[in-house]
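**Q** okay, structure incoming, though there's no sequence with it:
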């Protein structure tokens, strides 16, 4: 079981690294870094298959009960979340590649994406840590970094909607989609945190909060 | 097992109905229909919880082997997909509500969204049917409707990027996000089809294609 969570944690780490590199590619219009992220994506798919196989083996061979059953089923769900995180980092890298040698982002939103990138990487790292520690309080705390992400995402829209936006519709479309990719990446990290709470306690975060009153 | 797939199918049906109504609310700026979709969303969450409980009961009580194990695990994954479909329909309804009494969409893209809505509902219905029939060929065929969705989505971007776009950045942002909601809704229906292939055959669609050569 710990081995399964270790593979899932490794996948989170890779997704975080991919998002870090994709953000660099985006901000600096760095084609080789973008290509690297795109090329590395296969490694994630391999790990997914391995994690699912491991999960089936645990289910089939050990006829697990209660707690273990919970952990394994959550494991399947976490694979889907972290797969999606990897796909979102891939999307960011592809936008950087598509716009190269131009920068996809107008200068004035660079700061937003630098910070959204930093938060995304942080969330992926925290997801890995709680997968290993199985600490439900730390797992719940992922929500806080996501709140910061949501705030940034909202502010980004106010910049877009401002009458001073002079970069045209094409850049606005790119910024809209890119913002969504970072926001969804963070959402999936939060979902992993929720699933760790369930692995560790058998309760959803809401049930846990209810029980703690 | 059939009972579990029936609940999952019912969830697909509800997600499809929600997307049908959300599209109507969007195209006609119909606030009461938008509110209805938003209010009905809780019903989906209830069904999710029920489906997960049923799945755990099947896993724990019947110590299932091979084929059943596969079906149940896929069931958990399908719950996550159909939950997401419901959430995406909810997003569409919320955009319609936010822009009311104005229409969120410029006239010239109405046709795209009417057709994307139709395809989304079709995909949800087909997902339900293959959950019940467990027919792997029909499950694979969901990909075709999704290809049509991807085409529409691509064309929509050419309309946005056209120099003739006179509706400003705010409308472009709405159209970008809405397009993405429909596209992702379709992607999740395709994923359900893939999981049905796995339920029915124990193979991924790629493995199945390989074996059929």
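**A** Cool, the structure landed. This is a predicted model, so every value here is computed, not measured.

**Q** rest of the way, CA atoms for contacts and neighbours
**A** Will do.

**Q** quick one: name the residues of chain A near chain B.
**A** Contacts of chain A with chain B, taken as CA under 8 Å from any CA of the partner chain, map to A:59-60, A:63, A:65-66, A:69, A:73, A:76-77, A:80, A:160-161, A:168-170, A:172-173, A:176-177.

**Q** count of neighbours near the nearest residue to residue A:130 once chain neighbours are set aside?
**A** Distances taken as CA to CA, 6 or more residues apart in numbering or on different chains put residue A:139 closest to residue A:130, at 5.6 Å, once the chain neighbours are dropped. Residues contacting residue A:139 under the criterion other CA atoms under 10 Å in any protein chain shown number 28.

**Q** just the buried ones among the residues of chain A next to chain B, please.
**A** Buried by 16 or more other CA atoms under 10 Å in any protein chain shown: A:59-60, A:69, A:73, A:76-77, A:80, A:160-161, A:169-170, A:172-173, A:176-177, out of those.

**Q** could you check the helix or strand of chain A with the lowest mean pLDDT and say which residues are buried?
**A** Least confident helix or strand of chain A, by mean pLDDT, DSSP states H and E, is helix A:205-211 with a mean of 88. Residues of helix A:205-211 classed as buried: residue A:205 (neighbour count, 16+ other CA under 10 Å).

**Q** quick one: the helices in chain A, in order.
**A** Assigned by DSSP state H, the helices in chain A fall at A:2-28, A:31-62, A:66-99, A:110-133, A:136-161, A:168-201, A:205-211.

**Q** next one: residue A:162, what pLDDT does it get?
**A** Note on residue A:162: pLDDT of 84.

**Q** can you tell me how far it sits from residue B:15?
**A** 35 Å (CA to CA, to the nearest Å).

**Q** next one: residue A:46
**A** Residue A:46 is 31 Å from residue B:15, where distance means CA to CA.

**Q** one step back: okay, residue A:162 and residue B:15: which has more neighbours?
**A** The neighbour count for residue A:162 versus residue B:15, taken as other CA under 10 Å, is higher for residue B:15 (29 against 11).

**Q** and that one, how close does it get to residue B:40?
**A** For residue B:15, the distance to residue B:40 - CA to CA - is 10 Å.

**Q** again with residue A:122
**A** 35 Å.

**Q** who has more neighbours, the two?
**A** For residue A:122 and residue B:40, the more surrounded residue by other CA under 10 Å is residue A:122, and the numbers stand at 19 against 14.

**Q** so who does the more buried one touch?
**A** For residue A:122, the contacting residues are residue A:16, by CA atoms under 8 Å, 6 or more residues apart in numbering or on different chains.

**Q** now residue A:92: closest residue in space that isn't a chain neighbour?
**A** residue A:22 (5.8 Å).

**Q** same thing with residue A:103?
**A** Closest residue to residue A:103 apart from its sequence neighbours, by CA to CA, 6+ apart: residue A:29 at 5.1 Å.

**Q** number of residues surrounding residue A:212?
**A** 7.

**Q** again, but for residue A:107
**A** Using other CA under 10 Å, residue A:107 is surrounded by 9 other residues.

**Q** again, but for the one 5 residues further on
**A** A total of 16 residues lie near residue A:112 under the criterion other CA under 10 Å.

**Q** my read is that it contacts residue A:156, right?
**A** Yes. Counting by CA atoms under 8 Å, residue A:112 touches residue A:156, with 6.9 Å between them.
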